[in-house]
Structures are given as structure tokens and as C-alpha cells.
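Trainee: I would like the atomic coordinates for the input below:
(2 chains)
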Amino acid sequence: MSGYTESSGPLIVAGARTPFAKAGDRLRRVTATQLGVAAVREAIARSGFTPDEVDAVVIGNVACPADASNIARIVAVQAGVPQRVPAHTVNRNCASGMEAVAQAARLVATGQARVAVAGGVESMSNIPLLFPEDLKDILMAAARARSFARRLAVWTRLRPRHFKPIVGLERGLTDPLSGLNMGQTAEILASEFGIDRDEQDHFALESHRRAAAAAAKHREEMTPVFLPPDMGRALHEDVGPRPQQTIEALRKLKPWFDRAHGTITPGNSSPITDGAAAVVIASPEAAAAAGVTALARIRCAVATGVSARRMGLGPAHAIPMALDAAGLTLDRIDLVEINEAFAAQVLACVQALASERFAREELGRGAAVGMLDPDRTNVNGGAIALGHPVGASGARLVLTLAMEMRRRGAGLGLATLCVGGGQGSAVVLEAA
Amino acid sequence: MIDLVIGKDKVAEARFDAPGEKVNILNVASMARLAEVLDAIERGARDGAIVGAIFTSAKPGVFLAGADVKAFVAVAASGDVALAEAKAREGQALFSRIAALPVPTVAAINGACLGGGLELALACTARIAADAPEVSIGLPEVRLGLVPGWGGTQRLPRLIGPSRALDLILTGRALPARKAKSFGVVDRVVPVEGLDRAARRLALDLAAGQRPRRPRWNLLDRTPLTRPLVYRAALRRALAQTRGRYPAPPAAVACVREGLTRPIEEGLALEARRLSELIVGDVSRNLVQIFLMSRAAGSGAKRSAAPAGPPRLGVIGAGTMGGGIAAVAAMAGISVRMKDVDAEALARGMKQVHEAARDAQRRGRLSEAEATRREALVSATTDLSGFARCDLVVEAVVEDLEVKRAVLRDVEAATPPTTVFATNTSSLPVSGLIEVSSRPARVIGLHFFNPVQKMPLVEIVRGPATDPDAIALAVEVARRMGKTPVVVADTPGFVVNRILMPYLGGAVSMLRSGRDPVEVDESLVRFGMPMGPFALLDQIGLDVAAKVAGVLASAFGGNNGAGSVDLLHAMAAAGLKGVKAGKGFYAYTPSGEKKGPSPEVASLIPAPKASGNGNRPAPPADETADALVDLMINEAAALLEQGAVDKPEVIDLAMVMGTGFPPFRGGLLRHADAVGRDVIASRLRARGVQPAPLLEQKGRFYPVASSVATQP
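Mentor: Numbers count the residues shown, from 1 in each chain, chains lettered A, B, ... in the order given. As a prediction, the model looks like this:
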């Protein structure tokens, strides 16, 4: 596998995201479609292109809202992209937003699109509660019953257990391949790599501290979301970062996934979140013709599979793969954005990447991949503070990385996520 | 003109296709051709070659837009009632031939179907409409001071009952497709792609003996005993709105009432007679003039290199005006980049956009998906990102020259040199901005009225070096937004505010001399204004009015009621700011309805000039209205003389559209001609006001041929 060359590398011209809010909080009445439209519309507006100059739209989304089949298409048209432009939705679970970037970049690099919009949207607030299958059978039988007597007979089969809702969100966050939910996979890594509670809590504290300190920078990425019912109020700040977070408060929380012996708590995990992010990707020729400057160039985008039980190690596999594709080593990367699904998961990756043994035994490499040091990693805070709207995070990381690279004049950057079900995804950016 | 093709299924299709035009209208040529087409259909029916006929249109979005308005201007000007009646009978006879055809006929309505167009469709056996937003079905004749004269007052009530028919006829409103179906005006609504085919199928079904199922008439319509209630209610509603100044609504009610219980031929004769009386009358002639002026407004301006799609708009300021501009533009399909200082300010604007979208959806003008899409045409930001592709940027920030200049400089730095910068200022000179601009030829004024969603007028203000393409772009944007543009010069107050100020100042002077504001307002409402000067001041806001009056007074000197400015300032300082403060000259409910005169006003009015008659009865109502309207005329004359506008039509159109000056009077200067310059000049002198030089000159504002005498 190889990356894009300097002359053909697709450019990230601009991007925007909505504020992120914890599920059930201020964005709970906003649909995923509305979030997506806000992000896409603003990204296009900032890019210097107009919606009718877009050739393709790719959007990541995991929940697949029942009333928005192929949400990318609906978001695209409602955001002003003409109906003649194709749009599709992608799902690589937690890395869907990054997958969208990868696919859009490929369309641009292969000349199928001059300008493409890539993004991710998720409204975890609106993931439905489900009825058990048995109730569905009863309802369908009742609908088909030909007489009142028959229908009555069907109704008599109802029991209270038929109405016990299944929490869609819970189901979604449980991986059928390993039979574990996401937090449980993180506990496995915490044990395997010996990452104790204290280390995780400090990591979480630092994420909040950095996010709060970088509030102005985050605001540069954001476009306000106008809130139903009348759009007369706006959310324009992330609901997540806690400037006043203390280690004591974090210590008080109880482990969530393993009550007896666990270390993962809601405080050192990323919150369930609503949000959307989008970037506009253009070919160098299209950007030059339009006279627009870019934030960064995409060097390569990779994805790989890993053990579902230890899905948190996805980045430990994806990073070296991306570096190889770009012909780089980790020490040359100036900035890294890694999704903080769980503090333990990030810390496990840090150890794995620094470990020669891990490199030999798991990656088939001679030497350790390198150090993911704190001063170039998640410099503006991460998902523990900001939240992890699963379909959107991958796009948000790319946007945050590109903008911070521009601010610092950084030459190379890398964004990466672990993926529920056992995958890793990574993108390398270079200065445009 | 009209192509006639007989299909293999023996259904004839008469397709309206006016050569070289965007719309089909019923004029002498098309009516003559229609007669030929009917000859052929009658022949074909006799020979058995035709079993049904459909009427279709080749124009996208237009079925038949109505009769040729210019044609009946000529008839009206002749004053020949008999000629007018004959013309009406001609059209009626033609449509009666359609109704009398021995084969069923179906109208396939793909778009605008108004006036004579609907009357033709009503003469058909059945009507099918496309489920498209362009479909607009109605009888707007009343808005031109007329009644439908080609059978509309006879066929529509027989089809849908008198109460629904009068609802449509007396308001002149147009229905979208689905509403038209629920009213019973059309029988089916089908996707536009299958319209003609569905029309053919329906014609064949009707030929085979099927009868269309139509909604029943409203309950009260059904028996002769209760129908008078319907007529009385309709008449009462119409008179409440028109205050008896417009003869068309009562005539329409009479046509329906008298015709419904008679054979249709008699009803048609009565309709023709009533139409002919109305068409030569002053009111209709005035309304038609205004309609034609409005249609022609801004038509001289053409863009040099107009791209295909709608222009892209930028709006600085998301307040009442900025948000309103964004809302109206977005609903018209124009994308808007809106800027304000923070998210809360932007939310105020977005709320207006959202309301406009929901409103359009509720009225059936836009589907939910389309309303959502148009709402999303507005993107909001707190900086100047995203303005580089805007063709026109309007600023609607505070009325402060320095602030506006800063906005101009920032916008020019963020946009290419072709972008036009427009200021929504109502009182500041546009030249104050032009002089600091790096592209003075692209700076204009674009003055909307409040509320933007409702007020139809836009004043486009031209600077001395403004390039015509910039004006043309502004005209295009205004037209797309559904507004009527008038192009004016950069003089203080432009047209509307300049003319209003002395009128308002005069009213306040009357107040200071002891007149009752309620009486004064009533007098102007009787004259035909939608509200009196004190209610208007409350709407504008006394503080705003005082400021504007101050600006104009300094520009023009005493004639602008400068003496009353102090009183307005005093009232504003005392919290009596008008509707927005809940009280001004009147007291208001939180939702803005008038409750009654404001008791505080009396305490603020200095005692009237002592003349010994504390209990002098108010002068006759006419005199009050005349006195204040004379002040408007005086200012308008000065304006005209200065060359601030090209011609009197601009002033009349601006006053009708911008202040609701009674359209039945034809406009401010047409009314002035009816009264006579000399009369006005002497009345002004008698009240101690210096008449404008133009008023002292003999002559008229309009040449006699185009002028119409109005009722005093």
C-alpha cells in the first residue's frame, strides 16, 4: 500500500463541526440529519466553493436512523448540494467519519470528484428503544387477523415482558464478535498492560484541562446549532469539557463495567455524545482554479483489523501501517490526534507502540514503533472531555488535526481511532 | 398559439403555447385562435372523430395566467361601457361554447391558472392539477377593482357553492393544487410528469359515462333560506376590509347572489353588465395602473452577464431587518450567509428564517422537504468567512455611519471586487459610505421596510457613480424576493420616509394644538390609509421617528415638521416608544394589538395655543385628512422637482407599496391631479405652509390621457 504523492494528494480545504453535547443534553432534540446539515453547510461555506460545485458527499454514521436511510444523501441535498450529485453513507463503526474522509480522498485522487465533502454525524440521544421480537410477532399477527374474535385471541398472548424495552444503545455498544461491550474490552487492556485506575484518572483530568484551555481553538472549528422548536436559541460551545474537574471527583466514581475489580469509570471514558463534523476535500487543481488555500494535504489513509477482544489496540496496528504507507517514522510526526475512547485504551496503545516486544510479536516488526509523547498528542484535549459521537469522531479528529497543524506550522500529523469489533484506522496529513 | 392534435384515442389536445413568451395569456390573438380550435373540436365531435378534449399548456409553470391587462386598459380609457360589456360577452360566449361542447373537456392545470385562465378551466367538464408548487388557482380580478367577467361569478359558485366561491372571488387569493382539490375547484391532483396522460384518461372516462365526485357545498349554501346569511357575511367581511371604497366586492356578491338562482345565461348577462361598469370606473383604472407600474418596476435594469442560478446573498446583522431579509431571501431560494456578533444574535435571525419556512409549509406553498431545504440555505457565522462567493452583501446593522463604514471596509476586504455592497440604511446618506469605498461603483442603498416579510416595497438607492449592473443585480434580488423595487436617488429619506415625515410632523402639530389623536387617525383611515399617523408613529417607534425626523429636518429645514421632533423625543424619553414598548400614542397588548389611547399622552402635551375655544369642535374629517395629505403632496412635489426620482409613477408606486396609500386613489400624485395643484397650493398657504414651486405651476403631474379622476 502506498500513499498519495505531493502533487496529487487531495487537499483538506476547510471544515466545520457542531458543538458536541452529551447524549440527553442540549442536542437531544436535534436529529442526526440536522446536525449533519449544519456541519456540511458550514464546511462548504468556509471552503470558498459553493454547494453546486461539490461532486460527491460521503458521510459516516453508525446508528442509521430509521427515518434517514442513507443519511449522507439527505444531509447533502438539504445542505444545498444538487440532486445530481451522488452521496453515500459509510459505517466503520467508531471510525466511520475517518472512513468517509478516506473514501472522499480516494474519489478526489482518482479524478472521480474535483471537490468532495466528507463527514460524520451521530445523534446517540436519538438511538431508539426497541421492542422485543416477540411483541413484533404478536402485532403482525393481530394486523393479519381476519376477525375480531381472532384478533382478541392474539391480544391474549400479550405479557408484561413483551413491553420491556431493549436499549438500542446498549446493543450497539456491545460487540457480537467478542460478546463484550466496549468498556469490557478496555478493562481487558487495562489488565493486560497493567494500567491502574490512578493513571487513567490523571489522563482523563489532563484531557479536560487541555480541552478547557483550548476552548477558543475549538470554537474556531465550530458552527452553532440552532435549537428546536423555534431555532431561537443556539448551542455554540461543547457540552463536555469540565474546566473545574478535579482528581478527587474522578476518584469518587465507581467502575462501570466491572463493579468488583474494574478501573474504567464514566469519568475516564468518553461520554456518549451527539455531534457532527465535516471537511471539504478538493484536488490541487480544483483548489488552485478556485483560488482557495488548504489546511492540509492527505498523505494516506489506512484501515486494518485487530482482535475484537482487544479492539482498543486498533491504533497500535493502524499507526505503523499508515507510517509505512507514507514512508515515515513516528518520530517525524509533529502532531497526533488519537481518539480517547477510554483512558485505558489510549494508554495501552502508548505502551504497545513503545514496546519492542509488542512490535515483534504482534506487528512482525524488528523495532518498537515509537513514542506517542503527551506534548504532541491530543494537545487540545480529546474525546474524554469532548465526547465521542461514534460516526462523527473520525472526521472531527481529522479537522482538529488539520487546523492545529496550520496554527503551528506543523509539517506532519496523524489521526487515528480504535474501532469496536476490532479495527484500527489512521490518516496521515502533511502541510499543504 | 394553440396547437390542436387529435390522438389515436380520439381525445383532442388543445395546447396553449404563446410564441416567444414565457406565459400564456388570453388576448385578442389567442381568443381568435381558440374560436378556431373550438370550431374544429365541434366538427370533430359531430363526425365522431373526437370523443373528448383536453386543454394543456406548453409553458412550464404556467397554464393560463389570465387576460391581457393592457388590452382592457384601452377599453377602460375609452370610457365606453357598451364596448366593455360587449368584450365581456365575447369572452363569455367563447367559454360557453366550451361548456356546450357535446364531448367532455378536461383542463390539465400545470401551473398558474388565474382569472380568465380559471374561467376557461371552469367551463370545462373537469379539471386536473399537477402536484407542483407552481400551480396557483384563483380569480384575482377583485384586486384590479373588477369582477371575473368571463363566467367566473357564475360557474365557480355553481361548482363549489357560493360561500367558497365568494371566499376566493372577494380575496382574489390563489390556491395551491391540493387546496384547490379540497375546495372542489379541481377534481384530481396528479404528479406533474403524468398530468397530460391523466387528463386524457379522465376525458375518456367521462366520455364513457363516469361522473366526477365532488365535495358537497357548505351547509349554509345548500338551501335558499340560509344563503342570504352567506351573502351578508361575505359582504360584511369585504366591507370591513375595504371600508366601502371599492365597488368591486359588493358587485361580485350581487353577481353571485343574483346569478345562482337564475339560468346561467341570465347570470352571465348580469355579470357582463357589472364588469363593464367597473372597468370604466376610477377605482379599477387606478388599481390597474398601479398593477402595471408594479409589474414594470425596475424592468429597465438588465444585468450585463447574469449567471444561470439565483444570486448569492450576504447579510450583515441578524436583527429584525437582517433576519427578515435572510428569511424572505431563503424562502425565495436564495442562499444567504448571515453574520452577527455572537450565536445569540444569530439565533434571533435564524428564528425568523425558521418561522418563514414553517409558515410557507403551513400555507401549502412549500412541501416540508422543500421548506427544510430552503431554511438550510441560510448559514450563520460570527466572522466574515464564507462571504467570498456572495454577489450582493446587505448590511443591516445599527444606524451609525462609523459602524457602517467599518462594516463596508471589512466586507470589501473579504469579497472580490465585483461584489455589490448594499446598505439598508433608512436615514443615513449612501454617499457617506460611497466615499470610503474602494469600489464606489458597486455601493448602493437597498432599503427594505419593516417587517420585511410583509412590506412589498424596496427602495434601491443609486449613487452618482453607481454602475447600472449593480442596480440591475439589486432589482433581480428584490424581484426574486417578491418585492417591488423603485430606483431612487440618494437624498435624505429617499422617497417614502421623506414624504411621510412632514405628514407625521403635521399630525403631531395638530396634537399640540389640541386635536384628539384618535380623531385624526380615524380621519386618515376614512381617507383610505391603512392606519392613521399616530398609529403609524407607534409602529415605527417614536424614538426612531424622532431621529429620522431630526435628520430630515436638518437636511430640508422647517417644512419637515421639525418643531414636533422635540415632542417625540420627550415622549420617547418618558418610555412612550410605541408598539415595542407597549405604549406610545396608544396602549398595546404584548402581541401588538391596539388597546386604546394611551392616557399618558395628555400629560405630555403642552397646553394648546390659547385661542379661547377650548371646546372647539373638531374640523370636518375630510379637512383633517386633506391637510395632512397635502403635506405629503407638497414634499413629493419638491422631491420630483429635485430630480430625486425619474417620474411621478415612482413616487406613487412607492407610496402605495410602502405606506399603503389607498390604491383606489391611484397614488399620491394621481390624487393630487384629481384635486388640482392650485387647490392644494392655496390650502397649504391657508395653513401657513409654503407650497413647493412645482405646485405653484399650472399643470398636472400626469398627462391628461393617462390620468384618472378620483373620488374626493
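Trainee: What about residue B:42, how many residues nearby?
Mentor: Other residues near residue B:42 number 17, with proximity taken as other CB atoms under 10 Å in any protein chain shown. All C-beta spots, glycine's among them, are computed from the backbone N, C-alpha and C.
Trainee: Which residues of the stretch 101-250 of chain A lie near chain B?
Mentor: A:223, A:224, A:226, A:230, A:231, A:232, A:233, A:234, A:235, A:236 (CB under 8 Å from any CB of the partner chain).
Trainee: Any idea how far whichever strand or helix holds residue B:669 is from the middle of the chain?
Mentor: Remark: residue B:669 resides in helix B:668-675, with elements defined by DSSP states H and E. Chain-centre distance of helix B:668-675: 21 Å, with CA atoms, centre = their mean, to the nearest Å.
Trainee: What helices and strands are in contact with it?
Mentor: Under the contact definition 3 or more CB pairs under 8 Å, 6 or more residues apart in numbering or on different chains; DSSP states H and E, helix B:668-675 sits against helix B:621-642, helix B:648-659.
Trainee: List the contacts of it.
Mentor: Contacts with helix B:668-675, where a contact means CB atoms under 8 Å, 6 or more residues apart in numbering or on different chains, come from B:286, B:289, B:499, B:626, B:629, B:632-633, B:636-637, B:640, B:648, B:651-652, B:655, B:661, B:665-666, B:680, B:700-702, B:707-710, B:712.
Trainee: Buried by neighbour count, from those: which ones?
Mentor: Listed as buried from these are B:286, B:289, B:499, B:626, B:629, B:632-633, B:636-637, B:640, B:648, B:651-652, B:655, B:661, B:665-666, B:680, B:700-702, B:707-708, B:710; burial here means 16 or more other CB atoms under 10 Å in any protein chain shown.
Trainee: What is the neighbour count of whichever residue of the stretch 151-300 of chain B sits closest to chain A?
Mentor: Using CB to the nearest CB, residue B:193 is the residue of the stretch 151-300 of chain B that sits closest to chain A, at 15.2 Å. By other CB under 10 Å, the residues close to residue B:193 number 11.
Trainee: Tell me where the stretch 301-432 of chain A has helices.
Mentor: In the stretch 301-432 of chain A, the segments counted as helices under DSSP state H, counting those that start in this stretch are A:314-326, A:343-354, A:356-363, A:383-386, A:393-408.
Trainee: okay, which residue is most central for chain B?
Mentor: residue B:456 (6.1 Å; CA atoms, centre = their mean).
Trainee: which regions of chain B sit below the pLDDT cut-off?
Mentor: For chain B, applying pLDDT under 70 flags the ranges B:556-563, B:606-621, B:705-712.
Trainee: ugh, typo on my part, it should be chain A
Mentor: The model of chain A has pLDDT under 70 over residues A:1-2.
Trainee: which stretches of the stretch 201-350 of chain B form strands?
Mentor: With DSSP state E, counting those that start in this stretch applied, the stretch 201-350 of chain B shows strands at B:313-316, B:336-339, listed in chain order.
Trainee: Quick one: residues in contact with the last one.
Mentor: So that's strand B:336-339. With CB under 8 Å, 6+ apart, strand B:336-339 has contacts from A:45, B:312-318, B:322-323, B:325-326, B:329-330, B:346, B:349-350, B:377-384, B:386-387, B:390.
Trainee: What strands line up against that strand, and which way round?
Mentor: Next to strand B:336-339 in the sheet, as set by DSSP bridges, lie strand B:313-316 (parallel), strand B:378-381 (parallel).
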